[in-house]
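> what's the 3D shape of this:
(chains A and B)
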Amino acid sequence: MNDEDLGFLSIADASEKIALKKLSPVELTEALLRRAEELDTKLNAYLLKDADKAIAAAQAAEKAIFGGRKLGPLHGVPFGLKDIVDTAGLRTTCHSKILADNIPQRDATVAAKLKAAGAILMGKLSTHEFALGGPAFDLPWPPARNPWNPNHHPGGSSSGSGAAVAAGMLPMAIGTDTGGSVRNPASCCGIVGMKATYGRVSRAGVFPLSFSLDHIGPMTRTVVDNALMLQAISGSDQRDPASANAAVPDFTVKIEDGVKGLKIGYLRHFHEVDSPAHEQMAKSLDDAVDVLKNEGAEVRDVSFVPLSELAAANRIVLLSEAYSIHRKWLAERPEDYAKATRDRILPGAFMGAADYVDALRRRAIYREHFKRLMSEVDVIICASSMDPACRIDDEAEVGRTYGRQARTPFNLLGVPALAIPTGFSSEGLPLSMQVVGKAFDEATVYRVARAYERVADWSIHRPKPN
Amino acid sequence: MSEINRDLKKANALDQTLIERASADAARLIGAMPKDLNPSDEPALIYKADLAS
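Reported below is the predicted structural model:
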């Protein structure tokens, strides 16, 4: 196989080839490092490659697997981490001058779990500064770009994770999601991104943006790969006070069961009334719902709280908590932040304690409302982004479109939400939808997403950033 | 504008309109929330007492 074919191997296929000794983890790792050398001068997905350690880890994996000691499906498979995830002895910057020289002493739980599963850490990936600012050009490192058109942004804040996976530089990466930051780059880059239930994946060792809204999530090109990655990183963790003491089911056991007999709620008003979507995005959503109907799902329209209200509650909680985290640095060294990051965090300084508490009180009401809604259906389908990714250098358009999304409600609710591609715009940029489930029922979300993907597999398309 | 919070003085010196814009953004978000909470509506919290605490 050539480097491009190796770059676009799924985790499942790579794992099978490795198990059969048809592919060496070293061969795969070296091919992906060469692809990063070739492509990343345009995409800026990596902040730091750890090539020597990656090759050493691949050699160790090869010896173990070929010696009959394969740990599981991720053993010998490379991955990347958004650079707000701590890595022992390896620089973790949050893409900020503030932490440019930060070298953690200990791995984040999610990094440790992936290493324990035998996966190969390739390096640290670009993010919006502290997982919040937008694409910015006044930071020590340039912003990541979209592999489908490098003049366009890749979404964020897990921008490098989205770009690297979509470009075939990595089969999987970790992102984080506080207001949609796994699902936004997944949507913009045409890959699969999952924000699991709050508490499902440990946040320990990940730089916080908003304690009560932060989620860690897998980003892959296929649904099955995503489930395999979530399997490896899920579970209770004493290092994270919000970690859920919930059993972790096998996310793949029913993934091929299809949607016949499942009840799906189509939440149209987010993208038809509350924040009207680009017409090609809206049509791709309708087409995707038709696919699921044809596969045997029972689809009905459902309604929920207006998007603007949910988004405001999310932002009030997020910005209040984020300002609390950044207040000291913003007071002492505001010049070390990007202008976009200062702009985004500072509203948190103007929210009163009662505003924050009111948002948390509304959050409780929304959760009860959502539970009632979900007693009638198994999953919900709704928009992710309302627009395809715009040009990265068009500050006004970035500002106009970034908030036009329907992801923040599910951070507020803490329920699983997955973004999956639904096609391409006439300009060749990815379109997407979300599949949203009940708390701790990621398995049904994957089942529905996989049923759609079996009919409409957009992952077979490859971007050509060069 | 009233006296600037000391935590924001340096940021304000970098960009004289930053505080005005941030304050307006915050007001817009707060204004988007309904004002119909009942006194007994409890907030959603992360931390809960358990037997070990």
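> alpha carbons only for contacts and neighbour counts from here, please
OK.
> can you give me the helices in the stretch 1-150 of chain A?
Applying DSSP state H, counting those that start in this stretch to the stretch 1-150 of chain A gives helices spanning A:3-7, A:11-19, A:25-43, A:51-66, A:109-116.
> Compare the ones you listed and give me the one nearest residue A:132.
Closest approach to residue A:132 among the helices of the stretch 1-150 of chain A is made by helix A:25-43 (19.6 Å; CA to CA).
> and residue A:248, what helix or strand is that in?
In this structure, residue A:248 is located outside every helix and strand according to DSSP states H and E.
> who touches it in this structure?
Residues in contact with residue A:248 (CA atoms under 8 Å, 6 or more residues apart in numbering or on different chains) are A:231, A:234-235.
> how far away is it from residue A:462?
Remark: distance between residue A:248 and residue A:462 (CA to CA, to the nearest Å) = 33 Å.
> Burial check on residue B:35, number of neighbours?
Using other CA atoms under 10 Å in any protein chain shown, residue B:35 has 10 neighbouring residues.
> Pretty sure it sits in a helix.
No: read with DSSP: H, G, I helix; E, B strand; the rest coil, residue B:35 is coil and lies in no helix.
> Look up the pLDDT of it for me, please.
In this model, residue B:35 is scored at 92, pLDDT.
> re earlier: which among the helices of the stretch 1-150 of chain A is found nearest to residue A:416?
Across the helices of the stretch 1-150 of chain A, the minimum distance to residue A:416, taken as CA to CA, is reached by helix A:109-116, at 17.7 Å.
> just to revisit the earlier point, may I ask which of the contacts of residue A:248 has the most neighbours?
Of all the contacts of residue A:248, residue A:234 has the most neighbours under the rule other CA under 10 Å, reaching 24 neighbours.
> Next up, the contacts around residue A:165.
Residues touching residue A:165, when contacts are defined by CA under 8 Å, 6+ apart, comprise A:171-173, A:191, A:219-221.
> With residue A:448 instead?
Under the criterion of CA under 8 Å, 6+ apart, the contact partners of residue A:448 comprise A:255, A:258-259, A:292, A:435.
> And the helices in chain B, which stretches?
Counting by DSSP state H, chain B has these helices, from start to end: B:9-14, B:18-31.
> got these as JSON lines, with distance to chain A columns?
Listed next are the helices of chain B as JSON lines, based on distance: least, CA to the nearest CA, whole Å:
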{"stretch": "helix B:9-14", "distance to chain A": "5"}
{"stretch": "helix B:18-31", "distance to chain A": "4"}
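> of all those helices, which lies closest to residue A:134?
In terms of CA to CA, the element of the helices of chain B nearest to residue A:134 is helix B:18-31, at 15.8 Å.
> what is the mean pLDDT for that closest one?
The predicted model gives helix B:18-31 an average pLDDT of 96.
> Who are the packing partners of that helix?
helix A:307-332, helix A:339-345, helix B:9-14 (3 or more CA pairs under 8 Å, 6 or more residues apart in numbering or on different chains; DSSP states H and E).
> for the helices of the stretch 1-150 of chain A, which one sits closest to residue A:139?
For the helices of the stretch 1-150 of chain A, distance to residue A:139 was read as CA to CA. The smallest value, 15.9 Å, belongs to helix A:25-43.
> what residues are up against residue 6?
I'll assume chain A. Contact criterion CA under 8 Å, 6+ apart gives A:28, A:31-32 as the residues in contact with residue A:6.
> not what I meant, chain B
residue A:331.
> And residue A:55, by the same measure?
Counting by CA under 8 Å, 6+ apart, residue A:55 touches A:26, A:29-30.
> is it possible to export those to JSON lines including neighbour count?
Listed next are the contacts of residue A:55 as JSON lines, based on neighbours: other CA atoms under 10 Å in any protein chain shown:
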{"residue": "A:26", "neighbour count": "22"}
{"residue": "A:29", "neighbour count": "29"}
{"residue": "A:30", "neighbour count": "17"}
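> which one of these is nearest residue B:37?
Scanning the contacts of residue A:55 for proximity to residue B:37, where the rule is CA to CA, the winner is residue A:29, at 55.2 Å.
> How about the contacts made by the closest one?
Applying CA under 8 Å, 6+ apart as the definition, the contact partners of residue A:29 turn out to be A:54-55, A:58, A:77-78, A:120.
> ditto for residue A:197
Applying CA under 8 Å, 6+ apart, we find residue A:197 in contact with A:215, A:414-416, A:439-440, A:442.
> Filter those down to just the buried residues.
Among the contacts of residue A:197, those that count as buried by neighbour count (16 or more other CA atoms under 10 Å in any protein chain shown) are A:215, A:414-416, A:439-440, A:442.
> out of the residues you listed, who's nearest chain B?
Using CA to the nearest CA, residue A:414 comes nearest to chain B of these, at 11.1 Å.
> Look up the closest residue to the closest one, ignoring the ones flanking it.
Of all residues beyond its chain neighbours, the one nearest residue A:414 is residue A:198 (4.8 Å), with distances taken as CA to CA, 6 or more residues apart in numbering or on different chains.
> returning to what we had before: select, out of the helices of the stretch 1-150 of chain A, the one closest to residue A:86.
helix A:109-116 (7.6 Å).
> Point out the other helices and strands that that closest one packs with.
Judged by 3+ CA pairs under 8 Å, 6+ apart, the packing partners of helix A:109-116 are helix A:223-233.
> and the residue of the stretch 351-466 of chain A at minimum distance from chain B, what helix or strand is that in?
Minimum separation of the stretch 351-466 of chain A from chain B (CA to the nearest CA) falls at residue A:361, amounting to 3.6 Å. Taking DSSP H and E as the definition, one finds residue A:361 inside helix A:353-374.
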